[in-house]
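*Asks:* What would the 3D arrangement of this be:
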Amino acid sequence: MIKPLATDKLYNHCDLALFDFNTTEELKDPNEIIGQDRALKAISFGIGIKKEGYNLYAMGRVGSGKHTVVEKFIQSQAKDEKKPGDWCYVNNFEDSRKPIYLKLESSMGVQLKKDMEELIEELQTVIPSLFESEEYRIQKQAIIDKLTDAKEKSLREVKRRAKEENIFINYTTAGYTLAPMSHDGKVLAKEEYQALSTQDKDQIQEKILKFRNELENIVQDIVIESKIQQKEIRELERKMTKKAVDTSINELKRKYQDYEKVVAYLESVEEDIIDNSQDFLISAQNSLAMMGANYAKQSGIFNRYHVNVIVAHKDQEGAPIIYEDNPTYTNLFGEIEHIAQMGTLLTDFNLIKAGALHKANGGYLILDASKVLMQPFVWEGLKRMLRSSEIRIEPLARSLSLISTLSLEPETIELDIKIVLIGDRFLYYLLYNYDPEFRELFKINADFENETDRNDENIQLYARMIGMIAKDNGLLPLDKQAVGKVIEYSSRMAEDSQKLTTHLGGLSDLLHEADFIASQEDMDHISKAQIDQAIMEKIERSDRIKDKMYEAIQRGTILIETEGSAIGQINGVAVLDLGNFSFGHPSKITALTRLGKGGVINIEREAKLSGPTHDKGIMILSSYLAATYAKDFPLSITATLVFEQSYGKIDGDSASCAELFALLSSLSEVALDQSIAVTGSVNQNGQVQAVGGINEKIEGFFDVCNLVKSKKHHGIIIPASNVKHLMLKEEVLEAVKENRFKIYAIESVDEGLEILTGKKSGTKDANGHFPKESINYLVEEKLKLFANKSKQKKI
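*Replies:* Numbering: from 1, shown residues only. Prediction:
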């Protein structure tokens with residue numbers, strides 16, 4: 001018969017002799033990442049290949065440190081890469097609705113912005129002073145005098161000739177009037193004019209009409225000449241303005257001569273300033289009127305000359321690494337803001353704001369895959385920009401055709417970026433299988449391990465990592481006993497005594513809680529006692545459901561028998577996972593067998609409470625019965641199996657071994673020991689296979705046995721292939737040492753039968769017969785009896 005496991009098989013203690021430190025304060029930070037060689041190789045390859053579509057998806061369970069690992073690895077590479085330049089938007093003087101971008105070397109964008117501000121500030125003084133100069137006044141006056149002299153000469157000539165013909169011309173501010181004169185040069189009075197003959201009156205009217213027409217022609221000529229004069233004055237103003245602007249603009253053009261687009265922009269600025277020199281005169285006049293206030297800044301009349309630096313990398317080293325925690329449409333792709341004036345929303349290129357794509361352009365952008373997918377239209381927008389390799393800033397409402405109002409259409413910026421999505425495996429395979437574009441744009445996946453080998457090298461590396469977590473988070477250092485306990489807890493989290501979990505989030509939480517306990521106790525370091533207490537309190541915060549279930553068992557509400565023996569009845573063990581906490585608990589499994597053709601009936605399935613994996617396990621039992629006992633005769637049996645007092649969904653095949661024992665007990669009519677629980681799955685050949693949650697299952701049955709305060713010794717049967725997964729709590733280890741609790745590891749159904757019944761299971765001899773009175777013999781005989789009775793009924 002199989003012997004129970006010794007305590008050294010139930011827990012893998014950490015060898016403290018591996019540690020040559022007193023506290024983790026003495027340890028250096030690890031220069032490598034534990035157990036993620038495959039993922040790091042994939043990240044290195046993905047970062048290194050500079051081809052379209054080779055973006056990365058880093059996948060693994062939550063809390064495995066994917067983000068930290070990815071960011072640190074990229075930082076080590078990015079610091080040696082070229083720092084990208086500054087991105088600016090400036091006014092398009094040909095079409096202000098379509099701002100243009102400028103790309104300059106790092107810090108040069110900020111410098112251009114400063115230079116343009118200084119230029120406009122300087123011209124606000126230079127241009128008005130130039131227009132007040134003697135040179136400008138003389139030249140302008142010459143143009144004005146030329147027209148004035150010509151105007152006066154023409155009018156004098158008309159007035160002289162009119163006088164010779166006794167017509168008086170009088171000029172007023174309202175225009176001019178013509179009247180007849182006497183020979184002595186005096187204007188005729190009304191009475192004198194009326195006394196003239198009709199012939200004289202007609203002659204006078206003809207003269208007046210003639211001179212009025214001449215005057216009108218002169219006025220028309222003056223209007224034409226005035227336009228010419230204004231044009232000449234405007235050309236003078238342009239000439240003077242150009243004289244003021246040329247020096248400064250040419251200096252800037254020399255400074256930015258390596259940037260062809262900047263030089264072209266400066267030329268456009270110069271032309272616009274020359275065309276709008278009056279703005280500088282108005283600014284100067286209003287500034288004076290406002291008693292020195294900066295009218296230009298308040299009115300915004302010079303905003304069109306500003307440089308909107310949307311991205312600057314002045315203090316950065318290497319390529320940028322941006323993590324966008326809230327990847328909304330505007331946060332990712334940028335936006336065009338608006339301001340309200342007089343009830344109207346206005347915008348210009350100065351209100352263009354950069355998104356994460358702009359900030360990470362030329363470097364790396366890290367995003368959480370789930371957050372990207374939860375934000376409306378972000379995923380499609382991201383794919384569109386990766387396909388086109390350019391960033392287009394467009395209001396979401398406009399792209400969806402929800403509004404038709406005019407808005408800015410900024411020039412698109414070329415996109416050169418490596419995007420890293422971080423998420424779980426489910427999302428990766430979902431996207432890979434159902435989004436064809438995903439596999440074309442994210443060709444590299446970095447798969448993070450959930451665990452790593454627990455060897456001496458990794459244990460020492462793990463200790464340094466624990467020290468780094470404590471130091472980085474401002475926690476107390478740990479002594480070597482505490483580190484040993486954390487490593488043992490890591491194996492428990494990995495559900496394998498030979499592995500260490502890479503779930504750094506869970507370990508970090510444990511250290512924070514232990515630090516809090518140690519601080520309350522005025523400790524200067526964290527010891528094993530604080531780690532133990534933190535683990536215990538973590539369980540206590542979440543085990544209300546477990547306590548309620550165990551209480552129901554203790555009070556007899558849920559019927560569990562842990563003493564005596566019974567036919568067709570056994571204690572299976574299940575695990576209830578609450579998300580943040582899981583625990584094991586026994587479940588009574590009963591089996592009834594009779595003559596029939598129904599095979600093995602799963603009552604849970606009939607009640608629609610059984611999952612597909614559990615159904616599969618039940619089907620394997622029918623196959624095992626037929627293959628082991630009924631090769632030469634038909635299997636004429638109807639057997640029912642049920643989890644008693646189970647009212648929820650049941651899935652998994654970890655109870656198939658216990659269910660088989662209950663069936664064999666019912667067929668052989670040999671009772672099973674109720675003090676021994678069973679977990680494990682079984683295949684068609686009777687081999688017992690490993691199951692999950694083995695530690696929780698053992699501890700669950702152990703805790704229930706302690707509750708009922710039975711004097712009898714108890715135990716549990718587990719698959720031999722699960723022994724390497726054992727990391728049991730101290731109470732179980734003590735009970736095993738004191739022989740109060742036994743754990744049996746079996747490889748076959750026959751080994752388990754002997755433990756549960758105390759009888760030989762029996763092996764077929766050379767003739768294919770089981771030994772008489774063995775369990776298998778009794779089962780076979782019962783099945784033969786069923787087959788014969790079934791045959792007789794047919795006859």
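*Asks:* For the rest of this, base every contact and every neighbour count on C-alpha atoms.
*Replies:* Will do.
*Asks:* So what does the residue positioned nearest the centre of the chain look like in phi/psi?
*Replies:* Residue closest to the average C-alpha location in the chain (CA atoms, centre = their mean): residue 368, at 2.4 Å. Main-chain torsions, residue 368, degrees, to the nearest 10: phi -80, psi 120.
*Asks:* ok, now which ones touch it?
*Replies:* Neighbouring residues of residue 368 by CA atoms under 8 Å, 6 or more residues apart in numbering: 325, 421, 422, 423.
*Asks:* Just among these, which is most surrounded?
*Replies:* residue 422 (25 neighbours; other CA atoms under 10 Å).
*Asks:* In contact with it, which residues?
*Replies:* 57, 58, 59, 66, 67, 366, 367, 368, 369.
*Asks:* The fifth one - that's part of a helix, no?
*Replies:* Yes. Residue 67 forms part of a helix when assessed by DSSP: H, G, I helix; E, B strand; the rest coil.
*Asks:* Give me the number of neighbouring residues for it.
*Replies:* 21.
*Asks:* From residue 364, how far off is it?
*Replies:* 13 Å (CA to CA, to the nearest Å).
*Asks:* can you check the fourth one too?
*Replies:* For residue 66, the distance to residue 364 equals 15 Å [CA to CA].
*Asks:* go on, the first one?
*Replies:* Look at residue 57 and residue 364: by CA to CA, they are 13 Å apart.
*Asks:* Show me the longest helix that occurs in this protein.
*Replies:* helix 198-255 (DSSP state H).
*Asks:* the strands in the stretch 601-750 of the chain, which residues?
*Replies:* Applying DSSP state E, counting those that start in this stretch to the stretch 601-750 of the chain gives strands spanning 637-643, 672-673, 676-678, 681-682, 688-689, 714-719, 741-746.
*Asks:* Dump these to JSON lines, plus distance to residue 356 and mean pLDDT.
*Replies:* Converted to JSON lines, the strands of the stretch 601-750 of the chain look like this (distance: least, CA to CA, whole Å; pLDDT from 0 to 100):
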{"stretch": "strand 637-643", "distance to residue 356": "55", "mean pLDDT": "85"}
{"stretch": "strand 672-673", "distance to residue 356": "66", "mean pLDDT": "96"}
{"stretch": "strand 676-678", "distance to residue 356": "56", "mean pLDDT": "96"}
{"stretch": "strand 681-682", "distance to residue 356": "51", "mean pLDDT": "94"}
{"stretch": "strand 688-689", "distance to residue 356": "51", "mean pLDDT": "94"}
{"stretch": "strand 714-719", "distance to residue 356": "53", "mean pLDDT": "96"}
{"stretch": "strand 741-746", "distance to residue 356": "56", "mean pLDDT": "96"}
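*Asks:* so which of those strands comes closest to residue 696?
*Replies:* With CA to CA as the measure, strand 714-719 is the member of the strands of the stretch 601-750 of the chain nearest residue 696 (12.2 Å).
*Asks:* What pairs with that closest one, parallel or antiparallel?
*Replies:* strand 676-678 (parallel), strand 741-746 (parallel) (DSSP bridges).
*Asks:* Among the ones you listed, single out whichever gets nearest to residue 95.
*Replies:* Using CA to CA, the strands paired with strand 714-719 put strand 676-678 closest to residue 95, at 80.6 Å.
*Asks:* List the buried residues in that closest one.
*Replies:* For strand 676-678, burial by neighbour count (16 or more other CA atoms under 10 Å) applies to 676, 677, 678.
*Asks:* And stretch 337-348, by the same measure?
*Replies:* Buried-residue list, stretch 337-348, by 16+ other CA under 10 Å: 347, 348.
*Asks:* any idea how far it is from the chain center?
*Replies:* Taking CA atoms, centre = their mean, to the nearest Å, one finds stretch 337-348 lying 32 Å from the centre of the chain it belongs to.
*Asks:* Just the residues contacting that stretch, thanks.
*Replies:* Outside stretch 337-348, the residues touching it (CA under 8 Å, 6+ apart) are 96, 97, 336, 351, 352, 353, 407, 408.
*Asks:* Can you get me the start-to-end distance on that stretch?
*Replies:* Stretch 337-348 has its terminal residues 8 Å apart, counting by CA to CA.
*Asks:* what pLDDT, on average, does it get?
*Replies:* If you average the pLDDT over stretch 337-348, you get 80.
*Asks:* if we look at the helix or strand harbouring residue 483, which residues are touching it?
*Replies:* Using DSSP states H and E, residue 483 sits within helix 480-494. Helix 480-494 is contacted from outside by 12-16, 19, 21-24, 450-451, 459, 462-463, 466, 497-501, 507, 526-532, 726-727, using CA under 8 Å, 6+ apart.
*Asks:* what do you get if the cut-off is 7 Å, keeping everything else the same?
*Replies:* 13-14, 16, 19, 21-23, 451, 463, 497, 499-501, 526-528, 531, 727 (CA atoms under 7 Å, 6 or more residues apart in numbering).
*Asks:* filter those residues to the buried ones?
*Replies:* Neighbour-count burial (16+ other CA under 10 Å) is assigned, among the contacts of helix 480-494, to 14, 19, 23, 451, 463, 497, 499-501, 526-528, 531, 727.
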